[in-house]
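Enquirer: no sequence for this one, just the structure:
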C-alpha cells in the first residue's frame, strides 16, 4: 500500500462540558492539517457513532468541514459503532489508494457528556440488535459480561487475572498528558469497584467521555506508512455466533492484514488492542495471535504486554485509561501508534519499534478494523 | 421503541417464532427473511417450544433509559430446544442460584411500562425449571 500518514492530532480525552461536537471535531481536524503543513485536503471522512442520537445531529461530515473553514471539500460521516473511527480510516485509505485523492483528512469525534448516563447507555446499546437485545433491557456492558462469565467458566480463569488488563492500561496512561485518567490502579482497586454488569466491575469498563483525534493521509512519501488496512463484519448479535469466546471478524480482518503487510504476529512490535472492557481486550489478544486461547490473561499478569515486556500494548493507556470517545477511538489508537513510531511518545517511548498494529472493534464484534503501520520509512 | 415497530414485532416478541431454512436445517431467532448461510428466501415460521439451557448470564446494574425501575435485573443468553439462542430476562430466581448449563422454562413478563413511547411492553423471559436443577 502506498498511503502515508502525514499529520496527526488528538485532544485530551475527558468531559469537555464547555465544548460542542463540532468544536472538538474542527479543532482536531485543523491541528492535524497544521501538523501535516497543509492548508486544505481533497476529502474528509468523519468517524462518529452517537451524534444522530445524543446530539440529534446527522450530516456531520459537512458540518465539521463547514466549521473547519473547508466548505466545498467532499465530506462524509462513517458509522460502525465503536469501530466508526477505524472504519472511517479504512475508507480514507481506500480513497487515497484509488488515486482519486492525494491528501485526505480523517477525523474521529464523539461527545457523550451531552446526555445523562441512561441515554448514553441506550445509545451505545444500539450497537447491538435494537429490538431483540437493547429494547429488552440489555446493555453493551451486559453483552460483554455474558462473554466475561462464559470465558471464566470455559477456560477456568479467575476474574483477578482478567482485571489485570485494566491495571496495565492505567499504568501506561500515567505519563500520557492526553489521557483521560492519571490514576494508578491495583487489582484490588478493580475488584472492589462496584459491579456494573456481573462479573464486570466499574474499573474494567472504559468510561463515558468526549474527544476528537485526526490523521492526514497522503500519497506523498512520508516517514510513517500504512501497510495494512482491513475490515470485516460478523453476525451483529450473539444469537448466531457458533464460538462466543472469539470474534471471527477480528480473526478475518487480522489474517488479511498480516497478508497485506507480509508480516506475522511475531513481527509486530507494539499493539493497540480494543480494551473497551477487559474481557474484550483479552479475547482480542488471542484472536490476533498474540496469545493462545484462554492464556492472554496469564500473559498480562506475567508482564508480557507491559512497556518493558515482550510485546507492549496500549502504550499510552488504551481505551481504558487514555479514553474511549467511542467513534473517535480508532483514530486515537493510530495517533498513539504514530507517536511511538515517530519517537514522540515521551517517557513511555518503546525503542526500536517499527511495526505497530491497531485493532478497533464495533459493537460486540459485528465490525472489526485492523491497521498496521510501518515507521522509519 | 415506537408503536409501529413494537406492533410489527409482537408475533415474535410474545412467542418464540423462528425462521426455519430447510436447506440448512437451521432455525433463526430473531426471525429473518433470507437464510444467512445459503440465502434461501423461502423460510418458514416455526414455533419454538421446549426447555431452555442457560448459556451465560449477567446482572444489569446500570440500566438503559426506561429500565431504571427494574434494576438490578438478570439477563441471560438462553438456548431453546437446542434450536435457537435468545437474549432474555431471567426471572423468579436470585443470581447466586444460577449455574451455566441449568435448565429453564419460558414464561411471559412485562419488560417495561411508562417508557417514553408509552408502550407497555411484554416479552418472553425464562425461569428455572422446577425440580430439575437440584
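Expert: Yes, it's here. For clarity, every value in this text was computed on a predicted model and none was experimentally measured. Numbering: from 1, shown residues only, chains lettered A, B, ... in the order given.
Enquirer: Give the other helices and strands that the helix or strand hosting residue A:8 contacts.
Expert: Assigned by DSSP states H and E, residue A:8 belongs to strand A:3-10. With contacts taken as 3 or more C-beta pairs under 8 Å, 6 or more residues apart in numbering or on different chains; DSSP states H and E, strand A:3-10 sits against helix A:21-35, helix A:84-97, strand A:210-218, strand A:225-233, helix A:329-342. The C-beta positions use only the backbone N, C-alpha and C, and glycine is treated the same way.
Enquirer: of all the residues in chain B, which ones are close to chain A?
Expert: B:1, B:5, B:9, B:13, B:28-30, B:36, B:55-68, B:70, B:73, B:75-77, B:84-89, B:95, B:100, B:111-112, B:121, B:123 (C-beta under 8 Å from any C-beta of the partner chain).
Enquirer: Those residues in strands, which ones?
Expert: B:28, B:55-60, B:73, B:75-77, B:84-89, B:111-112, B:121, B:123 (DSSP state E).
Enquirer: among those, which ones are buried?
Expert: Among those, those classed as buried by 16 or more other C-beta atoms under 10 Å in any protein chain shown are B:28, B:55-60, B:73, B:75-77, B:84-89, B:111-112, B:121, B:123.
Enquirer: What parts of the stretch 151-300 of chain A come near chain B?
Expert: So the stretch 151-300 of chain A meets chain B at A:153, A:194-200, A:235, A:237-240, A:244 (C-beta under 8 Å from any C-beta).
Enquirer: Now with 10 Å, please.
Expert: A:151-154, A:194-200, A:202, A:205, A:235-241, A:244 (C-beta under 10 Å from any C-beta of the partner chain).
Enquirer: Which of these fall within helices?
Expert: A:151, A:152, A:153, A:154 (DSSP state H).
Enquirer: Number of residues surrounding the first one?
Expert: Counted with other C-beta atoms under 10 Å in any protein chain shown, the neighbours of residue A:151 add up to 25.
Enquirer: pLDDT value on residue 9, please?
Expert: This is for chain A. At residue A:9, the model reports a pLDDT of 98.
Enquirer: The intended chain is chain B.
Expert: If you check residue B:9, the pLDDT there is 89.
Enquirer: Now chain B against chain A: closest residue?
Expert: residue B:58 (3.6 Å; C-beta to the nearest C-beta).
Enquirer: tell me the contacts of that residue?
Expert: Applying C-beta atoms under 10 Å, 6 or more residues apart in numbering or on different chains to residue B:58 gives the contacts A:138-139, A:141-149, A:195-200, B:72-77, B:90, B:95.
Enquirer: Let's see that with 8 Å instead.
Expert: Counting by C-beta atoms under 8 Å, 6 or more residues apart in numbering or on different chains, residue B:58 makes contact with A:142, A:145, A:146, A:148, A:149, A:197, A:198, A:199, A:200, B:74, B:75, B:76.
Enquirer: For residue A:233, see how far away the closest residue to chain B within the stretch 101-250 of chain A is.
Expert: Proximity of the stretch 101-250 of chain A to chain B (C-beta to the nearest C-beta) peaks at residue A:145, 3.6 Å away. Going from residue A:145 to residue A:233 by C-beta to C-beta, to the nearest Å gives 23 Å.
Enquirer: who's more crowded, the two?
Expert: Taking neighbours as other C-beta under 10 Å, residue A:145 and residue A:233 compare with residue A:145 leading, 29 against 17.
Enquirer: could you give the angle of the helix or strand where residue A:357 lies to helix A:84-97?
Expert: Counting by DSSP H and E, the element that carries residue A:357 is strand A:355-362. Angle, strand A:355-362 to helix A:84-97, by axes from the mean of the first three to the mean of the last three C-alpha atoms, to 10 degrees: 120 degrees.
Enquirer: avg pLDDT for strand A:355-362?
Expert: Computed over strand A:355-362, the mean pLDDT rounds to 98.
Enquirer: swap in stretch A:301-308?
Expert: Rounded mean pLDDT across stretch A:301-308 is 98.
Enquirer: what's the first-to-last distance across that stretch?
Expert: Start-to-end span of stretch A:301-308 (C-alpha to C-alpha, to the nearest Å) is 13 Å.
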